[in-house]
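Asks: sequence first, then the predicted structure, then my questions.
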Amino acid sequence: MIDIKFLRENPEIVKQNIRNKFQDHKLVMVDEVIELDKENRAVKQELQDLQAMRNRVSKQIGALMGQGKRDEAMKIKEEVARAGERIAELEKEDKRTEEEIRKRMLVIPQIIDPSVPIGKDDSENVEITRYGEPVVPDFPIPYHTEIMESFGGIDMEAAGRVAGNGFYYLIGDIARLHSAVITYARDFMIDRGFTYVVPPFMIRSNVVTGVMSFEEMDAMMYKIEGEDLYLIGTSEHSMIGRFIDQIIPEEQLPLTLTSYSPCFRKEKGAHGIEERGVYRIHQFEKQEMIVVCDPKDSPKYFDILWQNTVDLFRSMDIPVRTLECCSGDLADLKVKSLDVEAWSPRQQKYFEVGSCSNLGDAQARRLKIRVAGADKKKYLAHTLNNTVVAPPRMLIAFLENHLQADGTVTIPEVLRPYMGGKELLVPKK
């Protein structure tokens, strides 16, 4: 959510930003907000004037009564009563216009960073750098669930009976590999100076609307029936929600945090053959990284965050590339975003395994996360997040890149302590 003062003073910049995101249907909202804002400020001014008048003349009533001037006192009393009625009307009007303004401001997109490439959708995202040499082996790579099945490591049929489509049982070495990757990612981030956190896995609606757009909320979140609670789609939601309505002393910044959680997502829409299996599912686990910082430092931490993911994947000998998200592929709250994609030898292309986002002051404005500066002045923090690792997709990349011609899977050195010293996984089938 952008600053209404900025919108008021720079409507054309806001409109051009909307055009850059190919959301022209939202252009009318800028003019509507400006008009509603004028009405609201007029209402507030009249309200303040009437309240000041009522306070002033109310003091006269007692004095007039004490002087025996009952008639004058009664006239002023009637005037105060009329002012009270008008004040009640204005308070309702003030609330109405503020709600109408907020409703529109919540869907007007954040001003994107000037460095963001202009493009309509993810097909126009821009490759930045590749890390590691992508290899296509001289033997066929089976589909990832077939690799898992060769180890007796997955049961999607039973999961379908228990929970429906989009769920799975991981078993044996594959389950252990899943947990090893998560635990290694946790220690990797701790070694880089991030504080480990296990957050709540459910959040209230005011946190949901504070951390994401309505479009994302509708496509992702599961509501707990009969309660004001939602299952988190990523731990970023509850991690940022932790600071709602808080004033953070400047000397405590930056807050660099890494969090573990299960994640729950509706994953609406139809998906292609390569997105079945464990690629796009309703429940998974993830290690995340979060930064709350001074606005001037957010570009620096943006680069630190995505580099952490690149380094983690490269430490496990998985080739990756970075992809700058274009304007039309950015969620409304994001200022800038960069995807990390892993190499798939089976598909002979890269696929997304992490997404790094700088949200500027969007979440902080919605959740009222402020910083108390050394000069006692308060300002909005900037928030950033990035995936360290989400094992379902990581497992696809891992198994495809470490599969050998005989069906075994090699374990890179960094993971061996988390796999009981194993250097190789040997299939059962």
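Replies: Thanks, I have the structure now.
Asks: next, count neighbours for P295.
Replies: Other residues near P295 number 14, with proximity taken as other C-beta atoms under 10 Å. For every residue, glycine as well, the C-beta is placed using N, CA and C.
Asks: for the helix or strand hosting E146, which positions count as buried?
Replies: In the assignment (DSSP states H and E), E146 maps to helix 144-150. Neighbour-count burial for helix 144-150, counted by 16 or more other C-beta atoms under 10 Å, picks out 144-145, 147-150.
Asks: closest to S344 out of these?
Replies: Nearest to S344, judged by C-beta to C-beta, of these is H144 at 9.0 Å.
Asks: residue contacts, the closest one?
Replies: Shown here is H144, whose contacts under the criterion C-beta atoms under 8 Å, 6 or more residues apart in numbering are 277-279, 346, 395-396, 399-400.
Asks: repeat the analysis, applying 7 Å as the threshold.
Replies: In this structure, H144 makes contact with 277-278, 396, 399-400, judged by C-beta atoms under 7 Å, 6 or more residues apart in numbering.
Asks: and for R265?
Replies: Shown here is R265, whose contacts under the criterion C-beta under 7 Å, 6+ apart are 220, 233, 282.
Asks: name all residues that make contact with the residue nearest to the first one when sequence neighbours are not counted.
Replies: Excluding the flanking residues, the one nearest M220 by C-beta to C-beta, 6 or more residues apart in numbering is G233, at 4.3 Å. Applying C-beta under 7 Å, 6+ apart to G233 gives the contacts 220-221, 263-265.
Asks: doesn't G233 lie inside a strand?
Replies: No: in this structure, G233 is coil, not part of a strand, as judged by DSSP: H, G, I helix; E, B strand; the rest coil.
Asks: give me the neighbour count for Q252.
Replies: Under the neighbour criterion other C-beta under 10 Å, Q252 is assigned a count of 10.
Asks: I'd like the distance between it and L50.
Replies: Using C-beta to C-beta, to the nearest Å, one obtains 43 Å as the distance from Q252 to L50.
Asks: ok but I248 is inside a strand, no?
Replies: Yes: with three-state DSSP as the criterion, I248 is assigned to a strand.
Asks: please name the bridge partners of it.
Replies: V371 (DSSP bridges).
Asks: so D218 is in which element?
Replies: Secondary structure from DSSP H and E places D218 in helix 214-220.
Asks: so what touches that helix?
Replies: Contact partners of helix 214-220, identified using C-beta under 7 Å, 6+ apart, comprise 106-107, 208, 233, 265-266, 268, 331.
Asks: what are the buried residues along it?
Replies: So for helix 214-220, counting by 16+ other C-beta under 10 Å, buried means 217, 220.
Asks: pLDDT (mean, whole number) over that helix?
Replies: Taken as a whole, helix 214-220 has an average pLDDT of 79.
Asks: CA atoms only for it, dumped as PDB, please.
Replies: What follows is helix 214-220, C-alpha atoms only, in PDB (Å, rounded to 0.1, in the frame of the first residue of the first chain):
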ATOM      1  CA  PHE A 214      -6.300 -10.000  -2.100                       C
ATOM      2  CA  GLU A 215      -5.500 -11.900  -5.300                       C
ATOM      3  CA  GLU A 216      -2.800 -13.900  -3.500                       C
ATOM      4  CA  MET A 217      -5.000 -14.400  -0.500                       C
ATOM      5  CA  ASP A 218      -7.900 -15.900  -2.600                       C
ATOM      6  CA  ALA A 219      -5.500 -18.100  -4.600                       C
ATOM      7  CA  MET A 220      -3.500 -19.400  -1.600                       C
END
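Asks: in its sheet, which strands sit next to the helix or strand following it, and in what direction?
Replies: Next along the chain after helix 214-220, taking DSSP H and E as the criterion, comes strand 222-223. For strand 222-223, the paired strands and their directions (DSSP bridges) read strand 230-231 (antiparallel).
Asks: and the average pLDDT for the strand it pairs with is what?
Replies: In this model, strand 230-231 has a mean pLDDT of 96.
Asks: which of the contacts of H144 lies closest to G193?
Replies: I396 (29.5 Å).
Asks: that closest one reaches R276, doesn't it?
Replies: No: contact between I396 and R276 fails when scored by C-beta atoms under 7 Å: they sit 11.3 Å apart.
Asks: more neighbours, the two?
Replies: Ranked by neighbour count (other C-beta under 10 Å), I396 and R276 place I396 first, with 25 against 16.
Asks: name the SS class of the more buried one, please.
Replies: Counting by three-state DSSP, the backbone at I396 sits in helix.
Asks: distance of the residue lying closest to it once chain neighbours are set aside relative to Q347?
Replies: If the residues on either side of it in the chain are set aside, I396 comes closest to H144, at 4.5 Å by C-beta to C-beta, 6+ apart. When C-beta to C-beta is applied, the distance between H144 and Q347 equals 10 Å.
Asks: and what of D317?
Replies: For D317 relative to Q347 (C-beta to C-beta), the value is 18 Å.
Asks: next: K266.
Replies: Applying C-beta to C-beta, the value for K266 to Q347 is 25 Å.
Asks: per-residue pLDDT, R54?
Replies: On the pLDDT scale, R54 gets 79.
Asks: look up which helix or strand it falls in, please.
Replies: Here R54 is assigned to helix 27-66, by DSSP H and E.
Asks: quick one, helices of this structure?
Replies: Listed in chain order, the helices of the chain (DSSP state H) span residues 4-9, 11-20, 27-66, 70-105, 144-150, 156-163, 172-191, 205-211, 214-220, 235-241, 298-315, 362-367, 391-402.
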